[in-house]
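J.: Quick one, what's the 3D model for this:
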Amino acid sequence: MRRPLGVATTRRIVLALLTSFLVVTIGFQAQQAPAQPTATPAAQTIRAKAGSDSVAKPEYRWPPRVIYNTDGNWVFNYLPDRKTDNLMVVLDALRDTSVDAISILVGIDDDISWRGSPHAELFGDATKIWNPDQDPAKKSAGGLTGNAVELLHKNLVTVIEDGHDLLKLYIGRGHQHGLGMYAAFRMNDAHANDERRSWFQRSSQKKKRPDLLIGAPAPTSASGHADEWNFSWQWDYAQPEVHERFLGLFGETLTRYDFDGIELDFCRAPLFFKPGQAFKNLDTLTNFMRKARKIVERHQAAKGKPIKLLVRVPTSIDHSLSVGIDTDRWLDEGLADVFILGSAFRCTNDVDFVRAIKRARKSSVLVYAGFDSAADDVSPQDGMDRNPASVMQAVALNGYQHGTAGVWLFNYDYASHRQGPVPAGEKLFAVSNDGRAGRFTAADLQTLRDLGDPKVLKRLNRCYYLSNSGSAGDHRPQVPRKLALVGRGAGLAHSFRIAIKEDIAGGLADGRIKSTQLRLRLTEHEKSMDRIRCQVNGKRVDLASAHTVANRSGQKWLVVENPPTVDGINTVLVVLEGLKTPEPWPTLHQCEVIIKCQ
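T.: Coordinates of the predicted model:
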């Protein structure tokens, strides 16, 4: 005879039957549900790395094609009208371009745009005297006059006093336009090094704690004129308190604001340790990056939305070691979602794309071509004397051809960094109270569309050139240089190297490319013309028959039509025949390969 079931046993049986019923029902419904389409690369889903099982995708295009970095000095537009819409004129102008994400500084230089932070202060709050030299027209940081810098501070203060939060306004408008919004941090801004113009803008943190600074002696490659006074006002990252300051600021920013990510800019400016201390501190910055990654992951898990970590590093992976940045290791460990390779101040063609992209595949991170739009030392092109768009178009296409996900653009806010001069009467867009920012021409906005489409770039004029300057961590400039003599041992080892990732022969054959040019800017060469030997990829080219182009300043370039260029590394040799010392001695200042499609 069976014993009667107890109450507890009966409950367990009922619960088990009910659970089985639900599993069968859910399984049946799942079989009936239509299959979900596979996500495209432009809208791929992202799983939080903090251990979350939830899957989410950004509201903006991912990966973004063009990331637009800005100082955010649009705040100049708040006074005198005090209308928040006036703050958005530049951001609104980007809406119909290929810009998918905005990376905006959390403040000015080393400071922030809000008050009450335990980690930083509102820009200008530490300044007691705004016009120390009693010269209101004297230029300060970034080319602004002392009066203009004070006005910048007043705009920031007035926004706060009127009950607004500047970054929340920017984020709201950016999200309204479907743009990703990243908080940008300069990891060691150098403007305060300038004793002539910017000393009165130094934060109280730096003045009270000089023990946290690089100080004296300054590194020989010090930024912002620190080498002139042999004292650097930049942070010393060997100090744990410096790490705590920045890491605390990252966490505070992600708590306070609905950003889609943070960007750490190690190119402004790449000095992080006292002289001779960078190599021994390679692990120091790597550990800092690991902590930054964990902060982002914690906020991503807490908010249930993708939050990206972007990092900007110099163009040379090897030279970056000399300032304490171990890019190879950061790539191997996937310490950021996006790695931006670019020079701090120039649009340069000499970038370690191949090495970075190969390494990035191991950790599934993205590599971007990063550049400032400045390239004013190239020859005049398309009616422009300075910063022709053809240079950016060349670097961007090189990146795409190697496998970069897109481009990251720096300083395009400022008209002085864009192509010019602008013809009189040209219609301008996004006119700002800051005379440097906005004021886009139709051609400027078209460039922002073109940079997002490699197919379009292949049909635009491009200029591959040798940059004559670079900041710490970049490849060393190949020009200017005096011409070496063959009789004294000069040879192929003296060649310049210009990377062009493109099937030039195929483009010429199908008519997409109309012609190519080699352009050389030489000085004091006239008396030695009969001695100059020029070879492109081992083949002699005739400079005697070259014609010339000149810019408005009178600088001239020799132009050789259709040189024997190749897909890959192009070597250009310019040397002097013979043994005799030339008087005067010729100098090569610039070497360019131009591809004309239009």
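
J.: Based on its surroundings, how many neighbours for V89?
T.: Other residues near V89 come to 17 when the count uses other C-beta atoms under 10 Å. For glycine as for every other residue, the C-beta is placed from the backbone atoms N, C-alpha and C.

J.: Helix, strand, or coil at the closest residue to it other than its chain neighbours?
T.: Counting by C-beta to C-beta, 6 or more residues apart in numbering, the nearest residue to V89 once its immediate chain neighbours are dropped is A430, at 4.5 Å. Using DSSP: H, G, I helix; E, B strand; the rest coil, the secondary structure recorded for A430 is strand.

J.: okay, A430: pLDDT?
T.: A430 is assigned a predicted lDDT (pLDDT) of 93.

J.: thought D350 was touching T315?
T.: Yes: judged on C-beta atoms under 8 Å, D350 makes contact with T315 at a distance of 6.2 Å.

J.: Poorly predicted segments of the stretch 251-400 of the chain, please.
T.: Of all residues in the stretch 251-400 of the chain, none has pLDDT under 70.

J.: Excluding covalently adjacent residues, which one is nearest to D194?
T.: H225 (5.0 Å).

J.: Now tell me what touches stretch 247-260 from outside.
T.: 58-60, 101, 106, 112, 114, 117-120, 167-168, 171, 175, 180-183, 185, 262, 288, 291-292, 295-296, 299, 305-308 (C-beta atoms under 8 Å, 6 or more residues apart in numbering).

J.: do stretch 414-427 as well
T.: Residues contacting stretch 414-427 (C-beta under 8 Å, 6+ apart): 143, 372-374, 382, 384-389, 411-412, 428, 436-444, 447.

J.: rerun that using 7 Å as the cut-off
T.: Stretch 414-427 is touched from outside by 372-374, 384-389, 411-412, 436-437, 439, 441-444, with contacts defined as C-beta atoms under 7 Å, 6 or more residues apart in numbering.

J.: Only whichever of the residues you listed are buried, select them in ChimeraX.
T.: In ChimeraX, this line selects whichever of the contacts of stretch 414-427 come out buried by 16 or more other C-beta atoms under 10 Å:
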select :372,373,374,384,385,386,387,388,389,411,412,436,437,439,441,444
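
J.: Now intersect the contacts of stretch 414-427 with the strands, please.
T.: Taking DSSP state E, the ones among the contacts of stretch 414-427 that sit in strands are D372, R439.

J.: returning to what we had before: touching, the residue nearest to V89 and V90? I think so.
T.: Yes: between A430 and V90 a contact is recorded at 4.7 Å, counting by C-beta atoms under 7 Å.

J.: who has more neighbours, those two?
T.: Neighbours were counted for A430 and for V90 using other C-beta under 10 Å; V90 has more, 25 against 20.

J.: wait, doesn't that one sit right on V431?
T.: No: counting by C-beta under 7 Å, V90 stays clear of V431, with 9.6 Å between them.

J.: what residues do those two have in common as contacts?
T.: G438.

J.: coming back round to it: more neighbours: D350 and T315, which one.
T.: For D350 and T315, the more surrounded residue by other C-beta under 10 Å is T315, and the numbers stand at 28 against 22.

J.: what residues do D350 and T315 have in common as contacts?
T.: H475.

J.: helices and strands around whichever strand or helix holds N155, which ones?
T.: Assigned by DSSP states H and E, N155 falls within helix 146-161. On a contact count with 3 or more C-beta pairs under 7 Å, 6 or more residues apart in numbering; DSSP states H and E, helix 146-161 meets no helix or strand.

J.: Tell me how far the helix or strand that that helix is followed by lies from the chain's centre.
T.: Sequence-wise, the next helix or strand downstream of helix 146-161 (DSSP H and E) is helix 166-176. When C-alpha coordinates are averaged (C-alpha atoms, centre = their mean, to the nearest Å), helix 166-176 and its chain have centres 21 Å apart.

J.: what's helix 166-176 packed up against?
T.: helix 89-93, strand 180-186.

J.: Just send the ones you listed back as a markdown table, with mean pLDDT too.
T.: Output for these, formatted as a markdown table (pLDDT from 0 to 100):
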| stretch | mean pLDDT |
| --- | --- |
| helix 89-93 | 94 |
| strand 180-186 | 98 |
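
J.: Kindly check the end-to-end length of stretch 119-129 for me.
T.: Taking C-alpha to C-alpha, to the nearest Å, stretch 119-129 runs 23 Å from one end to the other.

J.: Can you list the buried residues in it?
T.: H119, A120, E121, L122, F123, G124, A126, T127.

J.: same thing with stretch 155-166?
T.: N155, L156, V157, V159, L166.

J.: model confidence over that stretch, on average?
T.: Stretch 155-166 carries an average pLDDT of 97.

J.: Give me the contacts around it.
T.: V75, F76, Y78, L79, R82, T84, S113, W114, R115, L122, F123, G124.

J.: make it 10 Å
T.: 72-80, 82, 84, 87, 104, 106-108, 111-115, 122-125, 169, 171-172, 256-257, 433-434 (C-beta atoms under 10 Å, 6 or more residues apart in numbering).

J.: With distance to I532 as added columns, please give the helices and strands packed on helix 166-176 in CSV.
T.: Shown next, in CSV, are the helices and strands packed on helix 166-176 (distance: least, C-beta to C-beta, whole Å):
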stretch, distance to I532
helix 89-93, 47
strand 180-186, 44
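
J.: deepest of the ones you listed, which one?
T.: strand 180-186 (a mean of 24; mean count of other C-beta atoms under 10 Å).

J.: That one - which strands sit beside it in the sheet, and in what orientation?
T.: As defined by DSSP bridges, the strand partners of strand 180-186 come to strand 99-105 (parallel), strand 261-265 (parallel).

J.: Could you check how many residues crowd around the residue lying closest to Y237 once chain neighbours are set aside?
T.: Spatial nearest neighbour of Y237, excluding adjacent residues (C-beta to C-beta, 6+ apart): F272 at 4.2 Å. Using other C-beta under 10 Å, F272 has 26 neighbouring residues.

J.: Quick one: residues contacting L573.
T.: 484, 486, 490-496, 533-538, 540-541.

J.: If any of those are buried, put those into a PyMOL selection.
T.: Buried members of those, defined by 16+ other C-beta under 10 Å, are picked up in PyMOL with:
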select buried, resi 484+486+490+494+495+496+533+534+535+536+537+541
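
J.: Show only the entries of the contacts of L573 found in strands.
T.: Those of these lying in strands (DSSP E): F496, R533, C534, Q535, V536, R540.

J.: thinking again about what came up before, let me know whether the residue nearest to V89 touches R439 as I believe.
T.: Yes: applying C-beta atoms under 10 Å as the test, A430 and R439 come out as touching, 6.8 Å apart.

J.: Pull up the overlap in contacts between these two.
T.: With C-beta under 10 Å, 6+ apart, A430 and R439 have common neighbours V90, A93, D413.

J.: Could you export those residues as TSV, including distance to F231?
T.: Listed next are these as TSV, based on distance: C-beta to C-beta, whole Å:
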residue	distance to F231
V90	36
A93	41
D413	30
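
J.: Please enumerate the helices of the stretch 351-500 of the chain.
T.: 353-363, 389-402, 442-450, 454-457 (DSSP state H, counting those that start in this stretch).

J.: Give me whichever of those is most buried.
T.: Of all the helices of the stretch 351-500 of the chain, helix 389-402 has the most neighbours on average by mean count of other C-beta under 10 Å, namely a mean of 25.
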